[in-house]
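Colleague: prediction below, plus the sequence it came from.
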Amino acid sequence: IINALVSALCTGNATKAEELIQLLQKQHPSHPQLLHLQKLLTAKQRFNQPVKDIAHELNELRSLNAPALKLLGNEAQNYRIPLWQRLAKALHGQRFNPLKPELHCSFACSEATDWAGVREAVENEPHWPQHFILALRLCKALYFLNELETAIEIWFYLFWQFPEKAAAAISSAKNPHLRDRWLAFENLEEELNPVHFPIWMLLTDSKLIHYLPKKNLPVSTVHRKNYHTIHQALLLKQKKTESPQNVELELRIAIKKTDEDLLKWYLKRYSESF
């Protein structure tokens, strides 16, 4: 009965699932999972109905995550995705409220693994860069959409604008390369401020030298300016069209303006490399 019930729930056959629930209730009224299965069925039965209370539906869906994973296993996503898509449709066009960040289409789309929907929902918010959680959702969506460089650009923005929050969030970032670089940054002998992680990344990842930012993000600090100066110096260093000594001096001056501890790290690395 349980196997057939799981199949019915995951394929959206609410009528069949209801019959099986009744059969389970009749034959095994004390089954330990009966209550959870009934809740899963109730949510499916509302699928074709309009969403009347968005906040209530959101709480209901979130409460179903754990039992769905436990009871449906690998099929849990097939059960969950249509329900979250329904909620995302109801949330479409609703403005972001930082006091209720999950009552936004970007959250529901993320739960439904609709990454294009997440990007659209975030970018439709005219002031999304001002909200850390929206930018973070966009980073996640861009990773799954294979727009990795743009995702890193937004991560850098987050470190410049919200360094403490970014440092706390990056350990769970989906991008394994970025996580590994952050771990290496944290394990440096020099204790560098998280706000300098983007420049350290630029100095240690040659691919970033040739990446041109696509987003016009409103960075209100000196960090982007310093990043740009160092970026230009690294480009000149690679092209070898100007005096290497002059370029290296400009680079070191720019790094020192950013952070003296960062310069100490750079000089140590530079001396070891040459």
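Modeller: Thanks, I have the structure now. Residues are numbered from 1 along each chain as shown.
Colleague: tell me which helix or strand in this protein has the weakest average pLDDT.
Modeller: Least confident element among the helices and strands of the chain, by mean pLDDT, DSSP states H and E: helix 260-273 (a mean of 82).
Colleague: in it, what's buried?
Modeller: With burial defined by 16 or more other CB atoms under 10 Å, the residues of helix 260-273 counted as buried are 262, 263, 265, 266. Heads up, the C-betas are built off the backbone N, CA and C, glycines and all.
Colleague: contacts for the lengthiest helix in the chain?
Modeller: Assignment by DSSP state H gives helix 54-72 as the longest helix of the chain. For helix 54-72, the external contacting residues (CB atoms under 8 Å, 6 or more residues apart in numbering) are 6, 9-10, 33, 36-37, 39-40, 43, 46, 51, 76, 78-80, 83-84, 87, 90-91, 94, 100, 102-103, 108, 111.
Colleague: weed out the non-buried ones from those.
Modeller: Buried by 16+ other CB under 10 Å: 6, 9-10, 36-37, 40, 43, 76, 79-80, 83-84, 87, 90-91, 102-103, 108, 111, out of those.
Colleague: which helices and strands does the least confident helix or strand of the chain pack with?
Modeller: helix 197-204, helix 244-258 (3 or more CB pairs under 8 Å, 6 or more residues apart in numbering; DSSP states H and E).
Colleague: just the C-alphas of that helix, formatted as PDB.
Modeller: Only the C-alpha atoms of helix 260-273 are listed here, as PDB (Å, rounded to 0.1, in the frame of the first residue of the first chain):
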ATOM      1  CA  GLU A 260      48.900  46.400   4.300                       C
ATOM      2  CA  ASP A 261      48.400  42.800   5.500                       C
ATOM      3  CA  LEU A 262      47.400  41.900   1.900                       C
ATOM      4  CA  LEU A 263      50.600  43.500   0.700                       C
ATOM      5  CA  LYS A 264      52.600  41.400   3.200                       C
ATOM      6  CA  TRP A 265      50.900  38.300   1.900                       C
ATOM      7  CA  TYR A 266      51.600  39.300  -1.700                       C
ATOM      8  CA  LEU A 267      55.200  40.100  -1.100                       C
ATOM      9  CA  LYS A 268      55.800  36.800   0.600                       C
ATOM     10  CA  ARG A 269      54.100  35.000  -2.300                       C
ATOM     11  CA  TYR A 270      55.900  37.100  -4.900                       C
ATOM     12  CA  SER A 271      59.300  36.400  -3.300                       C
ATOM     13  CA  GLU A 272      58.600  32.700  -3.200                       C
ATOM     14  CA  SER A 273      57.600  32.600  -6.800                       C
END
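Colleague: show me the shaky parts of the chain.
Modeller: For the chain, the stretches with pLDDT under 70 are 219-220, 271-274.
Colleague: one more pass at 50, please.
Modeller: For the chain, the stretches flagged by pLDDT under 50 are 273-274.
Colleague: ok, residue 257 - how many residues close by?
Modeller: Residue 257 has 15 neighbours, counted by other CB atoms under 10 Å.
Colleague: ok, it touching residue 226?
Modeller: Yes. Contact status for residue 257 versus residue 226: in contact at 6.2 Å, counting by CB atoms under 8 Å.
Colleague: now residue 64: how far from residue 32?
Modeller: For residue 64, the distance to residue 32 equals 17 Å [CB to CB, to the nearest Å].
Colleague: residue 16 - how many residues pack around it?
Modeller: Neighbours of residue 16 (other CB under 10 Å): 15.
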